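Colleague: Can you look at this prediction? I've put the sequence above it.
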Amino acid sequence: MNNPEIIFFDIDDTLYRKYTDTLRPSVAQTMRALKAKGILTAIATGRPEAAMPAKVKALIQECGIDMLVTINGQYISFRGEPLQSYPLDIADIETAINLLEQHKIDYAFVNNQEIAVSSHSPRVVEGLSHILPNFLTDKEYFRKQPVYQMLVFVDKEEEKILQPLTQQHGFKTVRWHEYAVDLLRKEGSKARGIAHAVEKLGIDMSKVMAFGDSFNDLEMLSTVGFGVAMGNGEEAAKAAAQFVCPSVDEDGVLRGLQELGVI
């Protein structure tokens with residue numbers, strides 16, 4: 001595909017390296033080149049807007065990125081205005097909390113503007129240290145503000161405790177840290193958010209391109225018209241994509257779009 005109408009970019013390990021706080025100059029160069037060609041630019045991330053890195057926020061402002069698909073597709077805005085959102089039902093949240101409290105597992109509520117945790121434990125602090133170091137501690141947060149996703153602080157072995165939620169109550173998990181997973185409704189994904197958003201803009205999915213690297217990108221990469229996986233990405237992401245570009249550390253997004261003839 002060399003003529004997409006809109007391109008979605010994951011943040012972590014696609015545009016940005018969170019553990020080194022690195023956003024290469026080629027990323028802004030890419031966004032400006034796409035803008036010059038009249039191609040809409042968009043972010044598609046598991047993070048809420050509140051947890052976007054400062055360098056990415058600056059990129060969004062400086063390059064006029066058009067759309068933000070945040071929280072794994074659960075909240076979407078277009079040019080600064082809300083476009084679509086999918087809050088969790090309070091009853092579903094209570095079901096999850098009951099199980100987690102029974103097993104003394106820490107959790108968090110994700111709103112687009114903040115994250116509230118159940119406990120300020122070492123595992124929570126470690127998990128959120130590179131995402132959003134400043135967070136609330138409030139077990140009743142979900143009764144006051146919309147919650148679009150939960151975080152559950154479990155390792156791979158402990159994750160089996162969540163099976164009643166995933167097998168009986170319509171949830172799914174996506175791992176993003178050694179000690180943490182996203183917990184959201186099974187129908188929720190970046191792909192669903194993108195599909196509804198581009199439909200509202202009158203853009204056919206065949207004209208949509210996306211770049212990603214990890215497990216929460218799989219539906220997106222396989223659903224859009226043309227999916228591109230990063231060279232540093234998970235093998236599952238590469239299998240879901242139609243093209244693999246160089247790594248994020250090798251100006252992968254810019255070089256990939258050049259190789260594909262988009263810019």
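Modeller: Looks like it arrived, so ask away.
Colleague: so residue 26 is in which element?
Modeller: For residue 26, the element it lies in under DSSP states H and E is helix 25-36.
Colleague: quick one: that helix to chain centroid distance?
Modeller: Relative to the chain's own centre, helix 25-36 is displaced by 21 Å; criterion: C-alpha atoms, centre = their mean, to the nearest Å.
Colleague: What residues of it count as buried?
Modeller: Residues 26, 27, 28, 30, 31, 33, 34 are the ones in helix 25-36 that count as buried (16 or more other C-beta atoms under 10 Å). All C-beta spots, glycine's among them, are computed from the backbone N, C-alpha and C.
Colleague: Now the next helix or strand after that helix: average pLDDT?
Modeller: Using DSSP H and E, the helix or strand that follows helix 25-36 towards the C-terminus is strand 40-44. The pLDDT scores in strand 40-44 average 98.
Colleague: And the contacts of strand 40-44?
Modeller: The contact list for strand 40-44 (C-beta atoms under 8 Å, 6 or more residues apart in numbering) reads 5-11, 31, 34-35, 52, 56, 60, 63-70, 73, 190, 193-194, 201, 203, 210, 212, 217, 220.
Colleague: List the contacts of the helix or strand harbouring residue 176.
Modeller: Using DSSP H and E, the element containing residue 176 is strand 171-177. Identification of contacts with strand 171-177 by C-beta under 8 Å, 6+ apart yields 46, 72, 92, 96, 127, 152, 156, 159, 162, 165-166, 181-186, 188, 214-216.
Colleague: Tell me the strands beside it, with direction?
Modeller: The strands beside strand 171-177 in its sheet (DSSP bridges) come out as strand 180-185 (antiparallel).
Colleague: elements contacting the helix or strand following the strand it pairs with?
Modeller: Using DSSP H and E, the next helix or strand after strand 180-185 towards the C-terminus is helix 190-201. Applying 3 or more C-beta pairs under 8 Å, 6 or more residues apart in numbering; DSSP states H and E, one finds that helix 190-201 contacts strand 6-9, strand 40-44, strand 67-70, strand 75-78, strand 81-85, strand 208-212, helix 218-223.
Colleague: Redo these as JSON lines? Include distance to residue 175.
Modeller: As requested, these are exported to JSON lines (distance: least, C-beta to C-beta, whole Å):
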{"stretch": "strand 6-9", "distance to residue 175": "21"}
{"stretch": "strand 40-44", "distance to residue 175": "18"}
{"stretch": "strand 67-70", "distance to residue 175": "19"}
{"stretch": "strand 75-78", "distance to residue 175": "21"}
{"stretch": "strand 81-85", "distance to residue 175": "24"}
{"stretch": "strand 208-212", "distance to residue 175": "15"}
{"stretch": "helix 218-223", "distance to residue 175": "12"}
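Colleague: Tell me which of those is the most buried.
Modeller: A comparison of these by mean neighbour count, using mean count of other C-beta atoms under 10 Å, puts strand 208-212 on top with a mean of 28.
Colleague: rewinding a little: would you mind checking the contacts of strand 171-177 for buried ones?
Modeller: 46, 72, 92, 96, 127, 152, 162, 165, 181-185, 188, 214-216.
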